[in-house]
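In: For reference, the sequence and a predicted model appear below.
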Amino acid sequence: MLRLFTKIVKTGIVTERFKIPGDDELEQLGIEIKRHIDKRFSGSIAIREVDAGSCNGCELEIHALNNPYYDIERFGIHFVASPRHADVLLVTGPVSRHMQTALLRTYEATPDPKWVIAAGDCAACGGEFGVSYASCGAVANVIPVDMTIQGCPPTPLALMKGLLGLIKT
């Protein structure tokens, strides 16, 4: 155990530097999102997140939207457990062959009108996995996509900007 702690102290911090969004930028973006949600959706919008075969990098950033710093629920955006309660499907990862049927069923169970967001590079174009015997590739190869959010993984702020772009249309 002492060897492990010594190694940690010698190695130090090895993560990349990240520009933390200013509170003003986050608040203004959130207020604009809230304004559009109040106008079009009577106060709230429900999102069902679907992992179609990703590495979980995008999920970590999506889950960060619910942490105390971003707290996206204060702007009227809620994550739901059932597609039957959702307005938006947020799909991550290239669609694996094993998840293709589940994704189609989830899409069909979501009531109309519905939007589909492909979050992350893998969901947008298949990423490094592409189309193969095990992967259908991009989400658009399986279900219709209304918006793609680029990034590997996209930051919580990029996800919020993508949602705003979708809500504005």
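Out: Yep, that arrived.

In: What pairs with the helix or strand hosting V116, parallel or antiparallel?
Out: Remark: V116 resides in strand 115-119, with elements defined by DSSP states H and E. Its sheet considered, strand 115-119 pairs with strand 88-92 (parallel), strand 147-149 (parallel) by DSSP bridges.

In: Other residues contacting the shortest one?
Out: It stands for strand 147-149. Residues outside strand 147-149 that contact it (CB atoms under 8 Å, 6 or more residues apart in numbering) are 115-120, 123-124, 158-159, 162, 165-166. Yep, even glycine has a C-beta here, placed from its N, CA and C like the rest.

In: Of these, which is the nearest to S132?
Out: Distance ranking of these against S132, using CB to CB, places A123 first at 15.9 Å.

In: secondary structure class for the closest one?
Out: Three-state call for A123 (DSSP: H, G, I helix; E, B strand; the rest coil): helix.

In: contacting residues around the residue nearest to it when sequence neighbours are not counted?
Out: Nearest non-adjacent residue to A123, counting by CB to CB, 6 or more residues apart in numbering: V139, 4.8 Å away. With contacts defined as CB under 8 Å, 6+ apart, V139 is in contact with 52, 91, 95, 103, 116, 118, 123-124, 145.

In: which among those gets closest to E61?
Out: A123 (12.5 Å).
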